[in-house]
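# have a look at this prediction, sequence included:
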Amino acid sequence: MIAAPLLVFDFDGVLVDGMREYWWSARRAALWLRPERELPEQAPDGFALLRPLIHKGWEMVLAALELSRGDLDLNAYLHNYNRQTEAALQHWELTPERLQSALETLRTEAIQNNPDAWRALHQPYPGVPQRLQRLEAEGSDWLVLTTKGGAFARELLSGYGLKPKAVYGHEQGSKPEVLLRLSAGPSPLWFVEDRRPTLETVRTTPGLEAVRCFLVSWGYLGTKDLEDLPKGIQLLEPERFEQPLAGWP
């Protein structure tokens, strides 16, 4: 008998659209670290363009600081993201740890002061909470693996009445590291993500060859992310997501 899969979902961009909260928190953290800067209350277009490249929370705070610069070359940032990120850390004399701490401190404060307002900055993707609830009813285990802090993800999931088997935040390690630990269990792993580079990393990580990888069509995708998907990464569209697991690609 084939064991039922354990579904592992990314959070932002797969289960929840948190773009409004991303900018709201990134802007606050950036201005907390550099009060002399000016940033608009509404996310500039450049932030939305950078979002598919952003992997960890501290990077979006750094992106907000970079967008406060009048001399920013956005095209260079988009085409040489890693190099520009390293240069930006040096320019602002900040570390990933300092940026992440500012972000999480202000998020925690926001939840404590007005949790309803903070939750309202997020929107679950249409039909996703209902589909996850059906998974529970079908007896299919699922969990969340996110680069967001685990406490923040649990806060949002509880507001939607969702109870995953577990929530792994950035504090538990990188996504490949967590998947490697999970792969020691009895269930085959199905990993659902909206960030193509993350899936490509998983596919090339020794020990994760058997993980089934799905790229959702509705997340924070770059303009070419859906082109020529490599072997082992399947496109998951809403119509397929709604089907029983046997109908997934």
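Structure's in. What do you need?
# R27 is in contact with E41, correct?
Yes. Here E41 reaches R27: they are 7.4 Å apart, a contact under CB atoms under 8 Å. Bear in mind the C-beta positions are built from the backbone N, C-alpha and C, glycine included.
# out of these two, which sits in the more crowded spot?
Under the neighbour definition other CB atoms under 10 Å, E41 and R27 were set side by side, and R27 has more, 25 against 7.
# tell me the domain boundaries of this structure?
6-17+124-247, 19-119 (automatic domain parsing).
# straight-line length of the first one, end to end?
Using CA to CA, to the nearest Å, one end of domain 6-17+124-247 lies 16 Å from the other.
# also the shortest one?
With CA to CA as the measure, the ends of domain 19-119 fall 12 Å from one another.
# in stretch 34-43, what counts as buried?
By neighbour count with 16 or more other CB atoms under 10 Å, stretch 34-43 contains the buried residues 39, 43.
# next, the distance between the ends of that stretch.
Criterion CA to CA; first-to-last residue distance in stretch 34-43 is 18 Å.
# quick thing: my sequence starts at 54, can you match it?
Yep, numbering from 54; the last one is stretch 87-96 now.
# now do it: everything it contacts.
Taking contacts as CB atoms under 8 Å, 6 or more residues apart in numbering, the residues outside stretch 87-96 that touch it are 72-73, 75-76, 80, 83-84, 117-118, 120-121, 145.
# the same query, at a cut-off of 7 Å, please.
Contacts to stretch 87-96, defined as CB atoms under 7 Å, 6 or more residues apart in numbering, come from residues 72, 76, 80, 83-84, 117-118, 120-121.
# in the protein, which spans are helices?
72-86, 98-103, 110-120, 127-132, 134-145, 149-166, 168-173, 181-190, 203-212, 228-235, 249-256, 291-294 (DSSP state H).
# in a markdown table: the ones you listed, plus mean pLDDT and distance to G300.
Below are the helices of the chain laid out as a markdown table (pLDDT from 0 to 100; distance: least, CB to CB, whole Å):
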| stretch | mean pLDDT | distance to G300 |
| --- | --- | --- |
| helix 72-86 | 96 | 30 |
| helix 98-103 | 93 | 32 |
| helix 110-120 | 97 | 34 |
| helix 127-132 | 94 | 36 |
| helix 134-145 | 97 | 36 |
| helix 149-166 | 95 | 37 |
| helix 168-173 | 92 | 32 |
| helix 181-190 | 91 | 13 |
| helix 203-212 | 91 | 25 |
| helix 228-235 | 97 | 24 |
| helix 249-256 | 95 | 20 |
| helix 291-294 | 96 | 6 |
